[in-house]
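**Student:** Predicted model follows, preceded by the sequence.
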Amino acid sequence: MAGGGDGAFIGAIHRAAARLDGEVELVCGAFSADAGRSRATGAALRLAPERSYDNWRAMLGGESRLPAGERAEFIVIVTPNVLHLPIAEAALRAGFHVLSDKPATASLAEARQLAAVVHESGRRYALTHTYLGYPLVNEARERVLAGELGTIRRVIVQYPQGWLAGPLESTGQKQAAWRTDPTQAGPGGSIADIGVHAFNLAEFVTGQTVVAVCADLASVVPGRAVDDDAAVFLRFAGGARGLLIASQVATGEGNDLSIAIYGSTAALAWSHATPNTLRLMSLDGREQYLRAGTDAAGLGATARSLCRTPVGHPEGFIEAFANLYRAFAADVRAFPAGPATLKSPAGIDAALRGMRFVDGAIRSSAAGQIWVNL
Ligand SMILES: NC(=O)c1ccc[n+]([C@@H]2O[C@H](COP(=O)([O-])OP(=O)(O)OC[C@H]3O[C@@H](n4cnc5c(N)ncnc54)[C@H](O)[C@@H]3O)[C@@H](O)[C@H]2O)c1
């Protein structure tokens, strides 16, 4: 693991998710830019001292020197965005597979470079777009792809958060500080931090690519160097229109990503606030609610396979993440079998598309909210 030191947010979630199914074991780490802190985290996690490294370069070097079978098989990247490319590139070139948190890189140019390295190395690469791990998101996708909604006409995807409604970065809060610093996060603020999740979810559930965007990005909190509020019109390849909102100044909101897809014969809606329920709507106004669970009535095989407990026993964020780990573990185990065998829902293509979206939205807004082709 690169990143995820003491006090970090998502690293600990990754570690819990990785352990959940007993398929992945943390064997080494470079958890901080500070060698002492990195080693302290490694000790707290009871890693062998020699595999708790001073920095990520030392980790890649040290692991490369270990015999196959003992060395780490893949590297997880949970650092601020600007480090995603250098760590992924060095890891792939050294022969490791890479599981990275989003956004793929800090910029579109970097994402192109990453894609080239992934293809050259032939190694596995996947992104942890958490929401793709939820059973009912997969159920929604399967129903859309099976044509149950008819022609998709309207997609509404929203990601409201309120934690950056004030100048939190000026208090020294770590997660806010790097996310609002373009040298650490890249040029995108909310559009890159949470907009990519919403974009990725919309493409995943509809099974369609977004071909053009028209964006209105704002830095609402005075002095902030990146956007903290974004509204983006989307045009899908199949003709559907979409609206994406990614705001970190939505006062009082937690983390309520939601998506609604309206077709010519039916519609569906899913919300992260109630992740174990999928709402189905029909033309005559009838509604049906599907629930998650290994034994849930009406669920397809994919959604059921992503559940660990029967109906009525709620699963959540860590389990969704664990589903991504299980998929990636299968991809690593199947290596070097070809792309047709891949289980991870977001690979390098999704990574590149996410960064095209961030770049397109920023360009669109800067040019006066014009349509930009992706
Ligand atoms: N998938 C999700 O739902 C989700 C949620 C939150 C964050 N993220 C992503 O995860 C990444 C980390 O976000 P976070 O909120 O955990 O940030 P964080 O600031 O809480 O943690 C970042 C960690 O990286 C470490 N780090 C910094 N420089 C390093 C270096 N040179 N070498 C090794 N470690 C270094 C820091 O010490 C810290 O431990 C970001 O890219 C973010 O976009 C994804």
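**Tutor:** The structure has been received and is ready for your questions.
**Student:** can you pull out the helices in the chain?
**Tutor:** Along the chain, the stretches classed as helices by DSSP state H are 10-20, 35-44, 56-64, 84-93, 108-121, 135-145, 174-179, 182-185, 190, 196-206, 301-305, 317-334, 348-366.
**Student:** Which positions within the second one qualify as buried?
**Tutor:** By neighbour count, with 16 or more other C-beta atoms under 10 Å as the criterion, the buried positions of helix 35-44 are 38-42. The way it works is simple: take the backbone N, C-alpha and C, and place the C-beta from them, glycine included.
**Student:** Then the third one?
**Tutor:** By neighbour count, with 16+ other C-beta under 10 Å as the criterion, the buried positions of helix 56-64 are 56, 59-60, 62-63.
**Student:** Tabulate those residues in CSV, adding columns for pLDDT.
**Tutor:** What follows is those, written out as CSV (pLDDT from 0 to 100):
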residue, pLDDT
56, 98
59, 98
60, 98
62, 98
63, 98
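**Student:** Those also near the ligand: which ones?
**Tutor:** residue 56 (C-beta under 6 Å from any ligand atom).
**Student:** before we move on, back to that, deepest of the helices of the chain, which one?
**Tutor:** Sort these by mean neighbour count, taking mean count of other C-beta atoms under 10 Å, and helix 190 sits at the top with a mean of 28.
**Student:** which residues are in contact with stretch 52-65?
**Tutor:** 2, 28-31, 33, 35, 38-39, 41-43, 45, 50-51, 71-72, 75, 83, 87, 90-91, 94-96 (C-beta atoms under 8 Å, 6 or more residues apart in numbering).
**Student:** just to revisit the earlier point, can you tell me which of the helices of the chain comes nearest to residue 279?
**Tutor:** With C-beta to C-beta as the criterion, residue 279 lies closest to helix 135-145 of the helices of the chain, at 9.6 Å.
**Student:** distance of the residue in the stretch 251-374 of the chain that the ligand sits nearest to from residue 72?
**Tutor:** The stretch 251-374 of the chain approaches the ligand most closely through residue 321 (7.5 Å), counting by C-beta to the nearest ligand atom. Relative to residue 72, residue 321 is positioned 19 Å away (C-beta to C-beta, to the nearest Å).
**Student:** how about the residues of the stretch 101-250 of the chain near the ligand?
**Tutor:** 101-102, 128, 130, 174-175, 178, 193.
**Student:** In terms of distance to residue 369, which of the buried residues of helix 56-64 ranks first?
**Tutor:** Nearest member of the buried residues of helix 56-64 to residue 369, counting by C-beta to C-beta, is residue 56, at 39.5 Å.
**Student:** Retrieve the pLDDT associated with the residue of the chain most remote from its centre.
**Tutor:** Ranked by distance from the centre of the chain (C-alpha atoms, centre = their mean), the top residue is residue 284, with 35.5 Å. Predicted confidence (pLDDT) at residue 284: the value is 94.
**Student:** go on, the one 10 residues further on?
**Tutor:** The confidence metric pLDDT takes the value 97 at residue 294.
**Student:** Find the nearest non-adjacent residue to it, please.
**Tutor:** Closest residue to residue 294 apart from its sequence neighbours, by C-beta to C-beta, 6 or more residues apart in numbering: residue 307 at 4.7 Å.
**Student:** didn't that neighbour look like it was pressed against residue 290?
**Tutor:** No - between residue 307 and residue 290 there is no contact under C-beta atoms under 8 Å: 11.9 Å.
**Student:** centroid residue for this protein?
**Tutor:** The chain, centroid-nearest residue using C-alpha atoms, centre = their mean: residue 129 at 2.1 Å.
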